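Participant: 3D, please:
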Amino acid sequence: MQLVFSDEVKRAKKNGRALVALETSVLAQGLPYPRNIEAARRCETAVREAGATPASMAVIDGVLHVGLDDAQTELLATGKGLLKLGSRDLAIAVAQKRTGGTTVSATCEMAARAGIGVFATGGLGGVHRGVADDLDISHDLPAIARWPVAVVCAGAKSVLDLPKTLELLETLGVPVIGVGTNELPGFYSRETGLMLEHSVPNARAAAEIVRARWSLEQGGLVFAIPPPEKTAVARAEIEKHLRAALALGKKKGISGKAATPFLLGELVRRTKGRTLEANLALLENNALFAGQLARSFSPSPRALTARGVLDMLARQYGVSPIELHELRLQGVVLDLVPKELALKYLCLPVALHEGRLVIAFVDPGNSQAMAELRRVTGYEEIEPAVATEPDVLAALRKYYGIVPQ
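Facilitator: Numbers count the residues shown, from 1 in each chain. Next up, the predicted model:
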């Protein structure tokens, strides 16, 4: 996966500063203009106030961006025909050079690939009400289980079936940990009646759990924070308006990706804007805690998750992990792959072993790359391995003199 880092994120990575991933579906689809851009600015400011650097994720003209400038943020806030991107949609957006905001699932994946261990969002997607009829379950949940990222949220969105969402997270092996509470927050509401097994009092205690989970090479986890009391809306009121909104949505035939934005919009209308204010406040509150969590790592989550992501990808692809910076590659092997192909596929030949050419890839699942490399090198047996993108880029500079743009 090729990622383009903003100047601010590049500086943070270079200086070892804590980073917090932010999604952009809330910018592109979740909130009306100009409140959407206000939400983005408030979240970024909250992360910076905590001493961390925000890294908003998006796909723009087919390019995966980690960190956005003002013009890119404005584009996502005002653009027409923008995609709502889950993990499954990333390849399509890249291939078709489309633009869109990332949901929780896509942001988790991009954050993990970028070596960012903490992600702040508003509320999770999950199991929709009436799931027995349409099997509508968000990909957010399996993505969190898969990618080693700590997700900070105000629980799952209130329009969902919260008991089933909590049960599915348990089935997927995702810990849900309350922050200053033993009850699952209800997004707009501080209460749901659903009790949590585990809680932490602060970011430092949360960081200890995250470190332990990464050391066990497990997937993501969720920290659930009640929304600020000043703007929270009582659960009973939300349920009353939601029942009416669900009935209207069913009458209009609204389903799939359109369902959640429609229901949230109806809640804003029916509460005369109170849920919108609650949404903005909880987004900011979650971003502040995420910044504190990222700062609480020692060593930083970036250093921890880079190896964690590498090991996870190796298990996923069924190949060996290779840390290129620890190797001294030989010219006779490097000469087998032209530098144009090495750059094209972000790969490096690392060894010849019993007639097989071992090549380290950022994406060892690229069948097109394998076919072309077999043809060019003359080796039918190519053994793929996986390396991190920063490692591969550094090796391309060192051995081929390539400076990728």
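
Participant: give the contact list for residue 333.
Facilitator: 349, 350, 351, 352, 357 (Cβ atoms under 8 Å, 6 or more residues apart in numbering). Every C-beta, even on glycine, is put in place using the N, C-alpha and C of the backbone.

Participant: most neighbours among these, please name it.
Facilitator: Highest neighbour count within the contacts of residue 333: residue 349, with 24 neighbours (other Cβ atoms under 10 Å).

Participant: who's that residue bridged to?
Facilitator: Beta-bridge pairing for residue 349 (DSSP bridges): residue 359.

Participant: could you measure from it over to residue 396?
Facilitator: As judged by Cβ to Cβ, to the nearest Å, residue 349 and residue 396 stand 12 Å apart.

Participant: so where's the stretch 101-250 of the chain shaky on pLDDT?
Facilitator: Scanning the stretch 101-250 of the chain for pLDDT under 70 picks out nothing.

Participant: quick one, strands of it?
Facilitator: Ranges of strands in the stretch 101-250 of the chain, per DSSP state E, counting those that start in this stretch, are 118-120, 150-153, 176-179, 198-200, 221-224.

Participant: give me the contacts around the first one.
Facilitator: Same thing as strand 118-120. With Cβ under 8 Å, 6+ apart, strand 118-120 has contacts from 18-23, 43, 47, 52, 104, 107-108, 111, 149-153, 210, 283, 286-287, 289-291, 293-294, 301.

Participant: ok now that strand, how far from the chain's centre?
Facilitator: 8 Å (Cα atoms, centre = their mean, to the nearest Å).

Participant: what helix or strand is the closest residue to residue 338 other than its chain neighbours on?
Facilitator: Of all residues not flanking residue 338 in the chain, residue 376 sits nearest, at 6.8 Å (Cβ to Cβ, 6 or more residues apart in numbering). For residue 376, the host element (DSSP states H and E) is helix 367-377.

Participant: residue 385 now?
Facilitator: Judged by DSSP H and E, residue 385 forms part of strand 382-386.

Participant: coming back round to it: buried deepest among the strands of the stretch 101-250 of the chain, which one?
Facilitator: strand 118-120 (a mean of 31; mean count of other Cβ atoms under 10 Å).

Participant: in its sheet, what does it sit against?
Facilitator: When DSSP bridges is applied, strand 118-120 pairs with strand 19-22 (parallel), strand 150-153 (parallel).

Participant: show me this protein divided up by domain.
Facilitator: What automatic domain parsing lists as the domains of the chain is 3-309, 318-400.

Participant: what about the first one, distance to the chain center?
Facilitator: This means domain 3-309. 8 Å.

Participant: so which of the domains of the chain is the most packed in?
Facilitator: domain 3-309 (a mean of 20).

Participant: now do the residue lying closest to residue 234 once chain neighbours are set aside against residue 200, distance only.
Facilitator: Excluding its sequence neighbours, the residue lying closest to residue 234 (Cβ to Cβ, 6+ apart) is residue 189, at 6.4 Å. With distances taken as Cβ to Cβ, residue 189 is found 21 Å from residue 200.

Participant: who's in contact with stretch 273-289?
Facilitator: 20, 22, 26, 31, 35, 38-39, 42-47, 49-50, 54, 120-123, 152-154, 179, 187-188, 203, 223, 225, 227-228, 230-233, 238, 264, 267-268.
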